[in-house]
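[1] all I have is the shape, not the residue letters:
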Ligand code: SF4
């Protein structure tokens, strides 16, 4: 019984933002025994989110997996650098459809399987990748860390003919990556001394870098995305999500998702932000 296994093993006192309310994992599980007693319908989603769907215009079909970010379900954390990068609150997991109750519930069910029934999780994931690979051939790309930052090399190396890609805030994951079918983009954050230091190292090493700007380029936004950062030209990483098709050492901007102009304008005064703001931009241009 999956449900009982989770009740016996999960960190039931974790507080989860569930449909706009803070609820314990225990309550979420107990309120929906039948649901959590079943296997997830799928681990990978195809064509269900605004960003990866954009890759379809260049004929890339993306299978993306959404797990519970950082320490949402476990103190051990699924995003080792999230505290130092200051990205937990602004994570995509809270934005748009992903932040809705039914999506959070599905994310929890998937993550419980990953945490407490790993063999079942791995088998299910491998089967889905295989099926998608038969269906889409070399048009397929797989992003396993939609809302996590986990080392899935043990899965990726089993599918040498499938293109995988991810963004990561963990610099050594980029520098140590030896897998030819795995493209990793370093996700820059000026939030802490440590993350800034890692970001500068990533620039020096000429890694591919994604930089999130505190703007949606809408009428009320005063932050303008510059042409260059760290002396290098910036391209758009918003047009598609197919990072593996970018030139090596590209620096790309991402605009901020799921926020109001007022929130963005207030955050523009903050230097220690995960985003590039008006307060920290100048320092990053030298
Ligand atoms: S590392 Fe990525 S997935 Fe994890 S909390 Fe930060 S933004 Fe979210």
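    Nice, I can see it. Note that this is a predicted model, so its numbers are computed, not measured. Residues are numbered from 1 along each chain as shown.
[2] ok, the lowest-mean-pLDDT helix or strand in the chain near the ligand or not?
    Lowest by mean pLDDT, DSSP states H and E among the helices and strands of the chain is helix 50-53, with a mean of 80. No. Shown here: helix 50-53 not in contact with the ligand (Cβ under 6 Å from any ligand atom), separated by at least 13.2 Å. Every residue, glycine included, has its C-beta placed from N, CA and C.
[3] next helix or strand past the top helix by length along the chain?
    Taking DSSP state H as the criterion, the chain has its longest helix at helix 118-136. Per DSSP states H and E, the first helix or strand lying C-terminal to helix 118-136 is strand 140-143.
[4] list the strands paired with that next one, with their directions.
    Paired strands of strand 140-143, with direction, are strand 61-65 (parallel), strand 163-168 (parallel) (DSSP bridges).
[5] which one of those strands lies closest to residue 198?
    With Cβ to Cβ as the criterion, residue 198 lies closest to strand 163-168 of the strands paired with strand 140-143, at 10.8 Å.
[6] please identify the helix or strand for residue 235.
    Counting by DSSP H and E, residue 235 is found in strand 232-236.
[7] can you point out the buried residues in that strand?
    Within strand 232-236, the residues that count as buried by 16 or more other Cβ atoms under 10 Å are residue 234.
[8] the strands paired with strand 140-143 into a markdown table, with extra columns for distance to the ligand and mean pLDDT?
    Shown next, in a markdown table, are the strands paired with strand 140-143 (distance: least, Cβ to the nearest ligand atom, whole Å; pLDDT from 0 to 100):
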| stretch | distance to the ligand | mean pLDDT |
| --- | --- | --- |
| strand 61-65 | 11 | 96 |
| strand 163-168 | 7 | 98 |
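[9] closest to residue 250 out of those strands?
    Of the strands paired with strand 140-143, the one closest to residue 250 (Cβ to Cβ) turns out to be strand 163-168, at 12.8 Å.
[10] what comes up buried for the helix or strand just after the closest one?
    Of the helices and strands lying after strand 163-168 in sequence (DSSP H and E), the nearest is helix 171-175. Buried positions in helix 171-175, judged by neighbour count with 16+ other Cβ under 10 Å: 171, 173-174.
[11] same check on stretch 117-133?
    117, 121-122, 124-125, 128-129, 132-133.
[12] near the ligand, which residues of the stretch 51-200 of the chain?
    So the stretch 51-200 of the chain meets the ligand at 69-70, 79, 82, 85, 87-88, 91, 147-149, 169 (Cβ under 6 Å from any ligand atom).
[13] now residue 182: phi and psi?
    phi -130, psi 120 (degrees, to the nearest 10).
[14] before we move on, back to that, and the strand holding residue 235, what does it pack against?
    Contact here means 3 or more Cβ pairs under 8 Å, 6 or more residues apart in numbering; DSSP states H and E; on that basis strand 232-236 packs against strand 251-255.
[15] the strand it packs on close to the ligand?
    No. Residues of strand 251-255 contacting the ligand under Cβ under 6 Å from any ligand atom: none, with a closest distance of 11.0 Å.
[16] what mean pLDDT would you report for that strand?
    Averaging pLDDT along strand 251-255 gives 96.
[17] do stretch 186-194 as well
    96.
[18] what's the span of it, first residue to last?
    14 Å (Cα to Cα, to the nearest Å).
[19] that older thread, would you format the buried residues of stretch 117-133 as a markdown table with pLDDT and distance to residue 65 included?
    Formatted as a markdown table, these follow (pLDDT from 0 to 100; distance: Cβ to Cβ, whole Å):
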| residue | pLDDT | distance to residue 65 |
| --- | --- | --- |
| 117 | 98 | 16 |
| 121 | 98 | 10 |
| 122 | 98 | 12 |
| 124 | 98 | 11 |
| 125 | 98 | 8 |
| 128 | 98 | 9 |
| 129 | 98 | 10 |
| 132 | 98 | 12 |
| 133 | 98 | 15 |
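[20] turn these into a markdown table, columns for distance to residue 179.
    Below are the buried residues of stretch 117-133 laid out as a markdown table (distance: Cβ to Cβ, whole Å):
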| residue | distance to residue 179 |
| --- | --- |
| 117 | 25 |
| 121 | 20 |
| 122 | 17 |
| 124 | 21 |
| 125 | 16 |
| 128 | 19 |
| 129 | 14 |
| 132 | 18 |
| 133 | 16 |
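[21] since that was my last question, I'll sign off now.
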